[in-house]
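S.K.: I'll drop the sequence and a predicted model, then ask my questions.
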Amino acid sequence: IHTHIAALASELGAAISELEFPSDNFVTIRRSVRAYIATSPTGQKLDRLVAELLGAPLTDDQESAVADLDLPAAAADHSDVRLIRLTNTPAPKPADVEIDFDCEYDDTARVYLWGALRSTTSGPATYTSFGDPSPTIGEHQLAEQFLNWCRQQISQAEETNADIRFFHYGPTDTQHLTRILGAAADPILSRSVNYLNDVIRPNFYAPHGYGLKQIAAATDAHWRTPIVTGADTIAWIHAARTGDPTAWDTLVAYNEDDTRALHAVRALVRDTDTVGDTRPTSRAPENQT
C-alpha cells in the first residue's frame, strides 16, 4: 500500500506540475490543487489507499475509486507475518512463575470478571477466574478476590526464592486495578509488564495491527468465539445477568482464551532472537527493517 501511495503521489505531482492556475495567490492555487486531487481518478485512488492505511471508514465513492486497482500480492492477500522485529532488544527473560491476566467490564466500565493464567517453567498453565454476573456483587469485592489470589502466588514464590511476574496486554487492566484498589494493587502493579507498550510496540512492526487477536494469529492460540466485538461481550453480560448460564460460560471462556493468547504471543517473541519476522519456522532477511 505504501508503494502504491508513493506511485500515485508521483503521478499526481507530474500532472499538477502541468496545470495552469488563474492566480498567483497561494490560497487560490492550493484550493485548485485540492479540487484537482479530489476529482481526478488518481487522486481518488490515493485518498482510498490512505484511508485504508489509516484504518479509517471508507465512503462508497472511496470503495469504488480503486475497484480496478491491482495491488501486489503481498498487499492484497496479506502474508501471515504478524510481527516484524525492528530491534535487537532481547525479549524479557522468563520468570519462574508467570501470570497473564485480563479483565472484562460492561458498558458502564464496571469490571465483572478477572482472569489469570498461571504458568511455570514446568507443567501446564492453569487458568483461574474471579467474577460474578450479578450486579449486586461489587467490582471491589471481585478485585479483592483477584488481589488475594495474587498475593498467595507471590508469597509462595518468595518462599522458594522464585521470581514471579505478571503480564497484561495494554493499559486497561492495570488502570482498572488502580481505579478500584488504589495503592493496594501495588503488589501486582510493581511486578507487571504491559506487553503491548513495553515489548511489542518498541521492538516490532505489526502489519496487521497491534490487537492481540491479530498478533496471536501467528501462534497456535485460538478463541472458542473467534469473531467478538465489545458489543458482543456487553450482550453476553446482559444475558448472563438475566439468568443465562451459557452467556456467562462464554464470557469466562473468552477471557481464558485472551490470557492464553497473551501467553502464546510471549512464547513466540521469546523464540525469536534475530531481526526478522516472529514465525518460529521462518526468518526474514537480515536487512529487513
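M.R.: That came through, no problem.

S.K.: Pull up the per-residue confidence for residue 273.
M.R.: Confidence at residue 273, expressed as pLDDT, is 51.

S.K.: What of residue 26?
M.R.: pLDDT, residue 26: 78.

S.K.: Next: the one 4 residues further on.
M.R.: In the predicted model, residue 30 carries a pLDDT score of 84.

S.K.: The one 5 residues further on now?
M.R.: Residue 35 is assigned a pLDDT of 82 by the prediction.

S.K.: give me the number of residues near it?
M.R.: 11 (other CB atoms under 10 Å). Quick note: C-beta positions are derived from backbone N, CA and C, even for glycine.

S.K.: C-terminal to whichever strand or helix holds it, which secondary structure element comes first?
M.R.: Counting by DSSP states H and E, the element that carries residue 35 is helix 26-39. Heading C-terminal from helix 26-39, the first helix or strand you meet, by DSSP H and E, is helix 41-54.

S.K.: I'd like to check the angle between that following helix and helix 26-39, please.
M.R.: Here helix 41-54 runs at an angle of 80 degrees relative to helix 26-39 (axes from the mean of the first three to the mean of the last three CA atoms, to 10 degrees).

S.K.: what is the rounded mean pLDDT of helix 41-54?
M.R.: Mean pLDDT, helix 41-54: 78.

S.K.: again, but for stretch 164-179
M.R.: Stretch 164-179 carries an average pLDDT of 97.

S.K.: ok, and for that stretch, which residues are buried?
M.R.: 164-170, 172-174, 176-178 (16 or more other CB atoms under 10 Å).

S.K.: Can I get the helix holding residue 35 in CSV? Just the C-alpha atoms.
M.R.: Taking only C-alpha atoms (Å, rounded to 0.1, in the frame of the first residue of the first chain), the coordinates of helix 26-39 have been written out as CSV:
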residue,chain,number,x,y,z
PHE,A,26,-1.1,30.7,-2.8
VAL,A,27,-4.5,30.1,-1.2
THR,A,28,-6.2,30.0,-4.6
ILE,A,29,-3.6,27.6,-6.0
ARG,A,30,-3.9,25.3,-3.0
ARG,A,31,-7.7,25.3,-3.4
SER,A,32,-7.3,24.4,-7.1
VAL,A,33,-4.8,21.6,-6.4
ARG,A,34,-7.1,20.2,-3.8
ALA,A,35,-10.0,20.3,-6.2
TYR,A,36,-8.0,18.6,-8.9
ILE,A,37,-6.9,15.8,-6.5
ALA,A,38,-10.4,15.3,-5.2
THR,A,39,-12.0,14.9,-8.6
